[in-house]
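Asker: got a structure for you, letters missing:
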């Protein structure tokens, strides 16, 4: 227990120290983790051991990341991406494999060459996605293309796992056959294996579509947050277990589960619950990659390994640049696309392990290759940094162009609270073509509204992580429609602190709370009842026989005067002695407001049109 | 019998005397529809379809309003901007208004003599209403000179006001009953310069 805690402590501390430093230096968190790994690894301070085991365990972070990526991708969007996935991805894997195989053929028999070609065609989903997300490049053309290729690679791992053992030419050493802890389906006849595999995928899709939501809804109603987290985690882990049982990639299973749930109201809640686990596991995974760099081996074969690394990056880069040309990725985005994917991937570790255990490749070929892959992964974030440095000049103009094409449906408004007030605000925004991200904490409410076709998500808007996954960092405006002053104040403070760029529009239920929001620096404060009061008053006065247009004008003038007097009342309140009771204050203000408008408004109307010709 | 539409526009109706008296004189007449623009559209959200249907259902369209700044109150301009659509009011397919009669019923602060080349306002009322004349031409409407109540600035007095109201009623009924020679009327400076001569008794 103590030993475990100590290891855990070392990992976390190394991350906590190195990542902030790396970010400060503009290197990105991935590089920070990798360096931390080198420092605490066997060739640094030698503080950790069992690295391979830790790497296996923390690989699960990749699974979680793909679940999160799936959550971001609605099925419709995935369908849109089918051409880049098959086109870019297919071409990249096939061409890269072919070239690397051809080069290897100069030195090795074809079985070994093919295995190496296949394995090295893969790139690092973990490093690339993490880095692109950090740089906010996921939505760019290059980002989308990169993602499409990575997705195809993740799919390609499955047939690779099947093909590689068939290439065996050596005697199997350990006999470490892949076997599941639950059920071993390899004892079944072939056609049954296919059926079971397909059934497992169907199960994930059907359960995700129909069973998850009622379950999450029931859990949400209990209001116990950690149970929701537990359910979310067991969903991801369960899916992965099922996939591993039938011999598929758990990452793919988690990705599918994510896609199925992308349309559900729990999307943002799930995102914010899984995110920290993913981050932590991936962090430790990157650290263990850093730690696994075998410097003795590298220094003994420095020329060979550096040559392999260089060849790997160059071949991949050339293939990618060509794909960019052939598939007409715009010239500005092409360098990023090529550089992003020019490295080996974490699946290479897994697959090389497989080649070892199934007797495809001898150990003395595997080891330098693994080192080359690890170094290329280590270089990947550095290449990103170099790419950024080289393109810094035209960054500004690029941003300007992007700004223009952002379409209105790109969520730029977060609407917190979807009660009666929120519903009307939401309907109004939608009528203007603005699609807000809506958050509401009432699971029943969310269910009904979704049936009516609103895009509503379940979750507590006053939680920082939920705000984050609702896109607060990129949003422009936060509208708060619920009126519980404690909650609203909490949300306002949170927003002012973490998202100072967000403009806030909110509803205050009375003058006192209006003043409290003014204390917090909010300027767009509205009363849910004020507009209705004026409309009802207008209707009543009209029915008494007053000219409709004059009533309308009176209403406008009243509204304006009421807004104008607010700062004065606020000032007065601030100057007032603090021992005046709230009650007294309220009445003093009421008097002030009521005295205001007596005959002034009518006089203002008189002046407007009739000053010189009262009878006209 | 022709049908008459009175599009009435006064932003402060309750303070008006002349316009109210005029309006009262024609309200409820057979074949005459009064359409109070400010009362119907206090927020300026003019119902274009309704206005178009009203125009189509009538033969004579009158805009009755005070003469603000040598023009009309704001809602009349808004009405023109929104209702007179291409393809309906004008353009090669815009024939909805062709052959209908259009005129203004104005009340001015200055008296008649101020609307002269050498007067206080430098131009005649007929000249100052050229924009409507041009609009009428574009829409195939028959334009008539304005029915004008002048000199309101000094106060008209009840008697004079009633006289104008009666004239207004007489003019509108005569237009309704086609008792006015339109060609002759077009030549006049104002429609109500010499009503008795203009209106031919049958």
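Answerer: Yep, it's here. Quick caveat, the model's predicted, so the values are computed rather than measured.

Asker: residues in the stretch 401-550 of chain A within reach of chain B, list them.
Answerer: Counting by Cβ under 8 Å from any Cβ of the partner chain, the residues of the stretch 401-550 of chain A lying close to chain B are A:546-550. In this view, the C-beta of every residue, glycine as well, is placed from N, C-alpha and C.

Asker: how close does the residue of the stretch 151-300 of chain A found nearest chain B get to residue A:256?
Answerer: Scanning the stretch 151-300 of chain A for the residue nearest chain B gives residue A:265, at 36.2 Å (criterion: Cβ to the nearest Cβ). Using Cβ to Cβ, to the nearest Å, residue A:265 is found at 19 Å from residue A:256.

Asker: can I get the residues of the stretch 401-550 of chain A next to chain B in CSV with secondary structure, neighbour count and distance to residue B:173?
Answerer: Written out in CSV, the entries for these read as follows (DSSP: H, G, I helix; E, B strand; the rest coil; neighbours: other Cβ atoms under 10 Å in any protein chain shown; distance: Cβ to Cβ, whole Å):
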residue, secondary structure, neighbour count, distance to residue B:173
A:546, coil, 15, 31
A:547, coil, 21, 27
A:548, helix, 19, 28
A:549, helix, 27, 28
A:550, helix, 21, 31
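
Asker: would you mind splitting chain A into its domains for me?
Answerer: With automatic domain parsing serving as the domain definition, the record reports that chain A contains domains spanning A:2-396, A:413-528.

Asker: for those domains, could you give me JSON lines that also reports mean pLDDT and mean neighbour count?
Answerer: Formatted as JSON lines, the domains of chain A follow (pLDDT from 0 to 100; neighbours: other Cβ atoms under 10 Å in any protein chain shown):
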{"stretch": "domain A:2-396", "mean pLDDT": "83", "mean neighbour count": "18"}
{"stretch": "domain A:413-528", "mean pLDDT": "87", "mean neighbour count": "18"}
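
Asker: nearest to residue B:123, of the ones you listed?
Answerer: Within the domains of chain A, the stretch nearest residue B:123 is domain A:413-528; the backing value is 44.9 Å (Cβ to Cβ).

Asker: quick one: distance of the helix ranked longest in chain B to the chain centre.
Answerer: Ranked by residue count, the top helix of chain B under DSSP state H comes out as helix B:157-176. In this view, helix B:157-176 has its centroid 13 Å away from the chain centroid, taken as Cα atoms, centre = their mean, to the nearest Å.

Asker: for it, packing partners?
Answerer: strand B:4-8, helix B:18-26, strand B:60-66, strand B:147-149, helix B:195-198 (3 or more Cβ pairs under 8 Å, 6 or more residues apart in numbering or on different chains; DSSP states H and E).

Asker: make it 7 Å
Answerer: Contacting helix B:157-176 under the criterion 3 or more Cβ pairs under 7 Å, 6 or more residues apart in numbering or on different chains; DSSP states H and E are the following elements: strand B:4-8, helix B:18-26, strand B:147-149, helix B:195-198.

Asker: so of these, which one's packed in deepest?
Answerer: Here the criterion is mean neighbour count by mean count of other Cβ atoms under 10 Å in any protein chain shown, and of the helices and strands packed on helix B:157-176 the winner is strand B:147-149, at a mean of 25.

Asker: list the strands paired with that one, with their directions.
Answerer: Partner strands and pairing direction for strand B:147-149 (DSSP bridges) are strand B:101-107 (parallel).

Asker: span of stretch B:101-121 from start to end?
Answerer: End-to-end distance for stretch B:101-121: 28 Å, by Cα to Cα, to the nearest Å.

Asker: buried residues, it. List them.
Answerer: B:101-110, B:112, B:114-115, B:121 (16 or more other Cβ atoms under 10 Å in any protein chain shown).

Asker: the residue of the stretch 151-300 of chain A closest to chain B in helix, strand or coil?
Answerer: Taking DSSP: H, G, I helix; E, B strand; the rest coil as the rule, one finds residue A:265 in the coil state.

Asker: pretty sure it is touching residue A:458, no?
Answerer: Yes. A contact is recorded between residue A:265 and residue A:458 when judged using Cβ atoms under 7 Å, the distance being 4.8 Å.

Asker: now the common contact residues for these two.
Answerer: Common neighbours of residue A:265 and residue A:458 are listed as residue A:446 (criterion: Cβ atoms under 7 Å, 6 or more residues apart in numbering or on different chains).

Asker: quick one: buried residues of the longest helix of chain B?
Answerer: Using 16+ other Cβ under 10 Å as the burial criterion, the residues of helix B:157-176 that qualify are B:161, B:164-165, B:167-176.

Asker: let me see the mean pLDDT of that helix.
Answerer: Across helix B:157-176, the average pLDDT comes to 94.

Asker: quick one: residues contacting residue A:164.
Answerer: Shown here is residue A:164, whose contacts under the criterion Cβ under 7 Å, 6+ apart are A:115, A:351, A:354-355, A:358, A:360.

Asker: one more: residue A:147?
Answerer: With contacts taken as Cβ under 7 Å, 6+ apart, residue A:147 has the following neighbours: residue A:138.

Asker: rerun that using 10 Å as the cut-off
Answerer: Residue A:147 sits next to A:69, A:72-73, A:81, A:84-85, A:88-89, A:125, A:128-129, A:132, A:138-139, A:340 when contact means Cβ atoms under 10 Å, 6 or more residues apart in numbering or on different chains.

Asker: using the three-state scheme, assign it.
Answerer: Under the three-state scheme (three-state DSSP), the conformation of residue A:147 reads as helix.

Asker: near chain A, which residues of chain B show up?
Answerer: Proximity of chain B to chain A is confined to B:9-21, B:36-44, B:65-68, B:73, B:75, B:106-110, B:149, B:152-156, B:161 under the rule Cβ under 10 Å from any Cβ of the partner chain.

Asker: need the pLDDT of the residue positioned nearest the centre of chain B.
Answerer: Ranked by distance to the mean C-alpha position of chain B (Cα atoms, centre = their mean), the top residue is residue B:104 at 2.2 Å. What the model reports as pLDDT for residue B:104 is 96.

Asker: so it sits against residue B:64, correct?
Answerer: Yes. With contact defined as Cβ atoms under 10 Å, residue B:104 reaches residue B:64; the gap is 7.5 Å.

Asker: for the residue lying farthest from the centre of chain B, list the residues it contacts.
Answerer: For chain B, the residue at maximal distance from the C-alpha centroid (Cα atoms, centre = their mean) is residue B:92, at 26.5 Å. When the contact criterion is Cβ under 10 Å, 6+ apart, the partners of residue B:92 are residue B:86.

Asker: that one should be in a helix, yeah?
Answerer: No. With three-state DSSP as the criterion, residue B:92 is located in coil rather than a helix.

Asker: show me the contacts for residue A:544.
Answerer: By Cβ under 10 Å, 6+ apart, residue A:544 lies in contact with residue A:551.

Asker: what of residue A:251?
Answerer: Residues in contact with residue A:251, defined by Cβ under 10 Å, 6+ apart, are A:59-60, A:62-67, A:69-70, A:125, A:154-155, A:157-158, A:240, A:243, A:347.
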